[in-house]
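A.B. asks: model this:
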Amino acid sequence: MHIGIVARLDIPKGVELAEEIIGFLIDKNIQVSLDSSLAEKMPEFRDLGVDLSEMEVDIIIAIGGDGTILRTQSFVNGKKIPIFGINMGTVGFLTEIDPENAFNALEEVLAGKYFVEQRTQLRVYHGRELPSALNEVVMMTRKPAKMLHIEISVDEEIVEELRADGLIIATPSGSTAYSMSAGGPIVDPRVEAFLIVPICPFKLGARAIVVSNKSEIKVKLLRKGKKAIAVIDGQFEEEINYLEELIFKKSETDAYFVRLTKDFYKKVREKLTEGGINS
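C.D. replies: Okay, here's the model as predicted:
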């Protein structure tokens, strides 16, 4: 087995855990590659550094929060490399385990006692294909306290025209992220759907909508002189101008995660009780 390791670098404990895991894997004669930015933090393992986009491994261990998972997935998208998340962030819906259980969980993985879960992604177009989204695409204004005037259509049928602070197009994976905070429903990742969630709409009847992931969603900017930005998984920004459209479809490539248990609803209960605050 060949294992890649990525870690959130601004948390010293994350880097320390990564170093311990590297030693643990090497002692078990496992081939290891490190994200080059992590390798720079560890002179003794610098020769194991590889650019994340060039990493060819069986599994990637991502030490951090959901942001670390999303960053990692954006680099390995299309390679079908499953990601094993160790939570060093706050809520961490995409991560699998907490640091205190890391080594017992790794023993399970090395023994083959795991399964790989597939998660749907969003394909995004704006005159050209943009990076895919695992969680969501957020459309918002460049200037704070300004509203967007947008038209939303599904399969060429106009669903809504509204003014709002922004709009979220989310996958089931993203239903427990920004979409949830904006009032969207929590959706089981097995459901074949996308969510359309207005952010603070200036219209009482505007509500979150769940649509089939086989549909094509279009969002058009209607207000002349107003620009918007689309933020994909918090990693990539694209500017949108008057009468331009963002188009969303189901991606042909899924994201893959190493899982030890099927406990989505238990995780939801626990994470929402914590509320993202570490005690």
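A.B. asks: okay, CA-based contacts and neighbour counts for the rest of this
C.D. replies: Fine.
A.B. asks: quick one: low-confidence ranges for this structure?
C.D. replies: Counting by pLDDT under 70, the chain contains low-confidence ranges at 90, 274-279.
A.B. asks: report the longest strand in it, please.
C.D. replies: strand 157-170 (DSSP state E).
A.B. asks: mind listing what's buried in the next helix or strand after that strand?
C.D. replies: Downstream of strand 157-170, the next assigned helix or strand under DSSP states H and E is helix 178-181. Buried residues in helix 178-181, counted by 16 or more other Cα atoms under 10 Å: Y178, S179.
A.B. asks: same deal with stretch 108-115?
C.D. replies: V109.
A.B. asks: for stretch 3-14, same thing?
C.D. replies: So stretch 3-14, judged by 16+ other Cα under 10 Å, has buried residues I3, G4, I5, V6, A7, R8, L9, K13, G14.
A.B. asks: what does stretch 250-266 give?
C.D. replies: K250, S251, T253, D254, A255, Y256, F257, V258, R259, L260.
A.B. asks: which ones among the buried residues of stretch 3-14 map onto strands?
C.D. replies: Judged by DSSP E, strands contain the following of the buried residues of stretch 3-14: I3, G4, I5, V6, A7.
A.B. asks: so what's the first one up against?
C.D. replies: Contacts of I3 were listed using Cα atoms under 8 Å, 6 or more residues apart in numbering, and they are I30, Q31, V32, S33, V57, D58, I59, I60, I61.
A.B. asks: just the second one next, same as before
C.D. replies: Residues near G4 by Cα under 8 Å, 6+ apart: V32, S33, L34, D35, M55, V57, D58, I59, I60, I61.
A.B. asks: out of the residues you listed, who's the most crowded?
C.D. replies: I60 (29 neighbours; other Cα atoms under 10 Å).
A.B. asks: mind checking the longest helix of this protein?
C.D. replies: helix 12-27 (DSSP state H).
A.B. asks: domain-wise, how is the protein divided?
C.D. replies: 2-120+254-274, 122-250 (automatic domain parsing).
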